[in-house]
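Participant: Have a look at this fold, sequence not included:
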């Protein structure tokens, strides 16, 4: 059973399906928080309506894959959520490889070699969704066969009340990579600023993005020294990363 979509999600789904009906692989651009997994699942379930065709959702992070699996199940999509790093497709039939719809999440990575592998294995129609098409400019996305079908800006979603307006606060800290790698005083200042902002706005949770693993680990240590419960997560996989993410959610 398909969930009720917001107006802009419905527009994105309709635009993507229109492109697919014409044999064109669509690109859907929407900011973080717009519900791209919901949009993708709605595209998939409508595309396979009345048929036995399969759909595959492809992402590069475990958290995105798990989210996609749950959403696809809610929408009743027949298919799987796969890691872009998958190497074994033996359980997928040749017919499905040739005819299934494949949705690429975080599609600005679509020109990478790992994504090219999927293009070689799955030769049917494809959909790309992303929040940041300009990381790898749209011309590059178009070279791998995607045509912009729908785009909505973060400003529009804020004006419509779907997203909250962000607040920007400058921190008087020297953030250069050289200083952060060579000295602790910059990281200590960042830790102090985080504690100040948490207290000022009575916030319970925060996420900090650091330039490398070492500076992230050191910031965690500084926060813990200040009585803040903190954890580190990086590109590695396994129970440690999952545990850190779950702890933050809880």
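Facilitator: Cool, got the structure. Predicted, not measured: the structure shown is a model, and the values here were computed from it.
Participant: tell me which strands and helices the helix or strand encompassing residue 44 is in contact with?
Facilitator: For residue 44, the host element (DSSP states H and E) is helix 36-47. Under the contact definition 3 or more CB pairs under 8 Å, 6 or more residues apart in numbering; DSSP states H and E, helix 36-47 sits against helix 7-21, strand 25-29, strand 55-59, helix 62-75, strand 101-104, strand 126-130. Any C-beta I mention is one placed from the backbone N, CA and C, and that applies to glycine too.
Participant: mind checking which of those is nearest residue 203?
Facilitator: Between residue 203 and the helices and strands packed on helix 36-47, the tightest spacing by CB to CB is seen for helix 62-75, at 21.8 Å.
Participant: Would you mind getting the angle between whatever helix or strand comes next after that closest one and helix 62-75?
Facilitator: Sequence order places strand 79-83 as the next helix or strand after helix 62-75, per DSSP H and E. Taking axes from the mean of the first three to the mean of the last three CA atoms, to 10 degrees, one finds that strand 79-83 is oriented at 170 degrees with respect to helix 62-75.
Participant: Which other helices and strands does strand 79-83 contact?
Facilitator: Applying 3+ CB pairs under 8 Å, 6+ apart, one finds that strand 79-83 makes contact with strand 55-59, helix 62-75.
Participant: most tightly surrounded among the ones you listed?
Facilitator: Stretch with highest mean neighbour count among those: strand 55-59 (a mean of 26; mean count of other CB atoms under 10 Å).
Participant: and the angle from that one to helix 36-47?
Facilitator: 160 degrees.
Participant: elements contacting strand 55-59?
Facilitator: helix 36-47, helix 62-75, strand 79-83, strand 101-104.
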